[in-house]
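Trainee: Predicted model follows, preceded by the sequence.
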Amino acid sequence: MRGLTLKTILACILTVCFTLSAMAVPVRLKDLVEFDGVRGNDLVGYGLVVGLNGTGDGLRNSPFTEEMMASILERLGVNVSGEQFRPKNVAAVLVTASLKAFARTGSKIDVTVSAIGDSKSLLGGTLIMTPLTAADGEIYVVAQGTVIAGGVSAEGDAARVVHGVPTSGNVPNGGRVEREVDFDFSSLSRLRLALRSPDFTTAEKVEQMVNQKLGRGVALMLDAGTVEIDILATRLPSPAHVLSRIENLTIEPETRATVVVDQRSGTIVMGEDVRISRVAVAQGNLTLRIEETPVIVQPNPFAEGDTVVVPNTRVAIDPGEATGLAEISDGTSLSEVIAGLNALGVTPIDMIDILKSIKAAGALHAEFVVQ
């Protein structure tokens, strides 16, 4: 170790890291596919949050809050018709939730609450009974409970500080399931596995792995994103037993070569299968500078005249250091592609422009995604 330099040690570490990244990582089948029929359902409702510390809706700007308050109070036996009330501790909210697959009557789920008026904060509020409906218009969940907001707000006469988003929060276990989704999973004779990232090679691997586990001819690849399983051919009691046998099988998925860039933050993510053909790249750094230094000119003492401002402008163009052309050889691995791009000595923002130009030249063999 005494004869090794820091540069050599870093090179060894990078070599090990890129070797590990090049190795395919086995992934469980349940993390690669969606099982037909095993899905959640989105719910939405409109309700009120009460008990706020003066941070509710301004009822002059949110008349729908006042209308709903009056409707709720009348259902509770309080007649408020013709009355003028302007409470500051009530806010109108939209309540959303996702009904989990196989959720049964009486079970509880989490709900999300978001203000839709001009409320400043939902901290300390309580969501009153709110029915949540699905796309078919039926009520599946009734939500109620204390709102836990993820932010804080403080203000004075001349300043205000807001940390996080206090106008949105959660009600843990605040929704109670009142109606079950009408779906008989046990009656399925065939079950389809839908790949989250369709790929013919990965679908064939899923087919082979399932047939190896349950028997020949049980699974059949229909296309790049679908593998169908014959439940009767498995000779198992139900589709649930079939899924329990195969969902933890590990497969090494194949992925398309992809380069993802985010121009706002300068983030670049490249997959291990990215390849770049031999290409020469030059990157310049042109800077234009304009300086304004106005000069004030005054007349001589006791002389006639006016004081005037004379413009004084300096314009210069700095082409930056000349780096010339840098050659990027054929990329046989992700490490060589990165080494070739780093040889240009540019910032991530400039590297994004270089990658776009290389793609336009036909030398970047990968899908280029700009966010």
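Mentor: Yes, it's here.
Trainee: Now the phi/psi pair for Leu214, please.
Mentor: phi -110, psi -10 (degrees, to the nearest 10).
Trainee: could you list every residue that touches the nearest residue to it once chain neighbours are set aside?
Mentor: Nearest non-adjacent residue to Leu214, counting by CB to CB, 6 or more residues apart in numbering: Thr234, 5.0 Å away. Glycine gets a C-beta too; all of them are placed from N, C-alpha and C. Thr234 makes contact with Leu214, Gly215, Val218, Val242, according to CB atoms under 8 Å, 6 or more residues apart in numbering.
Trainee: change it to 10 Å
Mentor: Contact partners of Thr234, counting by CB atoms under 10 Å, 6 or more residues apart in numbering, are Leu191, Val210, Lys213, Leu214, Gly215, Val218, Ala219, His241, Val242, Arg245, Ile246.
Trainee: repeat for Met221
Mentor: With CB under 10 Å, 6+ apart, Met221 has these contacts: 193, 195, 200, 202-208, 210, 227-228.
Trainee: tell me the strands in the stretch 201-350 of the chain, going along the chain?
Mentor: Using DSSP state E, counting those that start in this stretch, the strands of the stretch 201-350 of the chain run over residues 219-223, 226-230, 250-251, 258-262, 267-270, 275-276, 279-281, 287-292, 295-297, 308-310, 313-318, 326-328.
Trainee: List the buried residues for the fifth one?
Mentor: Applying a neighbour-count criterion of 16 or more other CB atoms under 10 Å, one finds Ile268, Met270 buried in strand 267-270.
Trainee: Dump it to PDB, restricted to CA.
Mentor: Output in PDB follows, covering the C-alpha atoms of strand 267-270 (Å, rounded to 0.1, in the frame of the first residue of the first chain):
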ATOM      1  CA  THR A 267     -28.800  16.300 -13.200                       C
ATOM      2  CA  ILE A 268     -27.700  13.600 -15.700                       C
ATOM      3  CA  VAL A 269     -28.600   9.900 -15.200                       C
ATOM      4  CA  MET A 270     -27.300   7.300 -17.700                       C
END
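Trainee: what are the pairing partners of it, and which direction each?
Mentor: When pairing is defined by DSSP bridges, strand 267-270 lines up against strand 258-262 (antiparallel).
Trainee: Enumerate the positions of the partner strand that are buried.
Mentor: Under 16+ other CB under 10 Å, the buried positions of strand 258-262 are Val259, Val261.
Trainee: number of nearby residues for Ala363?
Mentor: 18 (other CB atoms under 10 Å).
Trainee: pLDDT score for it?
Mentor: If you check Ala363, the pLDDT there is 80.
Trainee: Please apply the same query to Glu83.
Mentor: So Glu83 comes in at 62 (pLDDT).
Trainee: again with Leu32
Mentor: 90.
Trainee: wouldn't it be in contact with Thr202 here?
Mentor: Yes. With contacts counted by CB atoms under 10 Å, Leu32 reaches Thr202, the gap being 7.2 Å.
Trainee: just to revisit the earlier point, and the contacts of Met221 as JSON lines, adding distance to Lys356, pLDDT and neighbour count?
Mentor: Shown next, in JSON lines, are the contacts of Met221 (distance: CB to CB, whole Å; pLDDT from 0 to 100; neighbours: other CB atoms under 10 Å):
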{"residue": "Leu193", "distance to Lys356": "37", "pLDDT": "92", "neighbour count": "26"}
{"residue": "Leu195", "distance to Lys356": "30", "pLDDT": "92", "neighbour count": "20"}
{"residue": "Phe200", "distance to Lys356": "29", "pLDDT": "92", "neighbour count": "13"}
{"residue": "Thr202", "distance to Lys356": "29", "pLDDT": "91", "neighbour count": "23"}
{"residue": "Ala203", "distance to Lys356": "32", "pLDDT": "91", "neighbour count": "24"}
{"residue": "Glu204", "distance to Lys356": "34", "pLDDT": "92", "neighbour count": "14"}
{"residue": "Lys205", "distance to Lys356": "33", "pLDDT": "92", "neighbour count": "19"}
{"residue": "Val206", "distance to Lys356": "35", "pLDDT": "92", "neighbour count": "25"}
{"residue": "Glu207", "distance to Lys356": "38", "pLDDT": "93", "neighbour count": "19"}
{"residue": "Gln208", "distance to Lys356": "39", "pLDDT": "92", "neighbour count": "13"}
{"residue": "Val210", "distance to Lys356": "41", "pLDDT": "92", "neighbour count": "24"}
{"residue": "Val227", "distance to Lys356": "37", "pLDDT": "93", "neighbour count": "24"}
{"residue": "Glu228", "distance to Lys356": "41", "pLDDT": "93", "neighbour count": "15"}
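Trainee: tell me which of the residues you listed is nearest to Arg278?
Mentor: Closest approach between the contacts of Met221 and Arg278, by CB to CB: Phe200, at 29.6 Å.
Trainee: looking at it, the closest one is touching Glu254, isn't it?
Mentor: Yes. Between Phe200 and Glu254 there is a contact under CB under 10 Å: 8.5 Å.
Trainee: follow-up on the earlier one: show me which of the contacts of Met221 is closest to Val308.
Mentor: When the contacts of Met221 are compared against Val308 (criterion: CB to CB), the nearest one is Leu195, at 75.4 Å.
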